[in-house]
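> okay, predicted coordinates and the sequence, questions at the end:
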Amino acid sequence: METLHSDQLANKKTTSPTQKYLDVAEIKEDVIVLKSGALRSVLDVSAINFDLKSTEEQEAIVNQYQNFLNSVDFPLQILISSRKLNMENYLEYLTDKEKGQKNELLRLQISEYRSFISQLVSVSNIMDKNFYIIVPFSPIESKDKSFFGNIGSLINPKKNVLEKRENFETYKSQLFQRVDHIIAALSGIGLRIAVLKTEELIELLFNSYNPAVYNAVELKDVSKLEIK
């Protein structure tokens, strides 16, 4: 399985992988597992144009959001990601459409539109803005661990694996209870919320910690990537 290393994408100029400095242990079953054992779920949240709403709608949104904040008894992190939008693929798509268009008038219109987009990109930065909510869950570490308990896990490793799996399922269930609460509360405001899947989480981390290659590299098969 291929490993997600930034040095593989920079002609191996660096000697240490990015993962060495991350607090991420692994990503599985749509959940980020930290080295401390804590879990994280990431929600992709849409935006609404607040200024275009009527006064009554704005007041209703503010009140519902206030009620949401008052109902949350756990910490949340709001992440806003702004990236310069890469228009090269779109311009190539327009070029192919222009070449394949048999109607002369439509071909001229596509050509003018492609020129307009190209000039617009050259004089201004078109930004792609994404909004995320990061939901945490930190299990309470057991204080009953002892030397004999560690010896027992070495003697019976299968039991130890099963216990870890059971704990993960329990913690994940409690994490997604929080996720369901957030989705139910914010959906009433008119926001569209989606839980990031495993591949999307890997891609989000990759793009966040490899900004230099964000526009140059496309992750086509992130199922072959893993974080160590």
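Sure, I can see it.
> neighbouring strands for the longest strand along the chain, and are they parallel or not?
Of all segments of type strand in the chain, defined using DSSP state E, the longest is strand 127-137. Strand 127-137 has its sheet partners listed here by DSSP bridges as strand 39-45 (antiparallel), strand 77-84 (antiparallel).
> in terms of mean pLDDT, which of these ranks lowest?
Mean pLDDT is lowest for strand 77-84 out of those, coming in at a mean of 86.
> isn't Leu22 right next to Tyr209, touching?
Yes - with contact defined as CB atoms under 8 Å, Leu22 reaches Tyr209; the gap is 7.2 Å. C-beta: built from backbone N, CA, C; applies to glycine.
> common neighbours of these two, please.
Contact criterion CB atoms under 8 Å, 6 or more residues apart in numbering; residues shared by Leu22 and Tyr209: none found.
> ranking the strands paired with strand 127-137 by burial, who's on top?
Among the strands paired with strand 127-137, strand 39-45 has the highest mean neighbour count (mean count of other CB atoms under 10 Å), at a mean of 20.
> the helix of greatest length in the chain to strand 127-137, inter-axis angle?
When the chain is parsed with DSSP state H, its longest helix is helix 157-187. Counting by axes from the mean of the first three to the mean of the last three CA atoms, to 10 degrees, helix 157-187 lies at 130 degrees to strand 127-137.
> just the buried positions in helix 157-187, please.
For helix 157-187, burial by neighbour count (16 or more other CB atoms under 10 Å) applies to 168, 171-172, 175-176, 178-179, 181-183, 185-186.
> so what does the most far-flung residue of the chain relative to its centre look like in phi/psi?
Residue farthest from the centre of the chain, counting by CA atoms, centre = their mean, is Glu104 at 43.2 Å. Torsion angles at Glu104 (phi, psi; degrees, to the nearest 10) stand at phi -60, psi -40.
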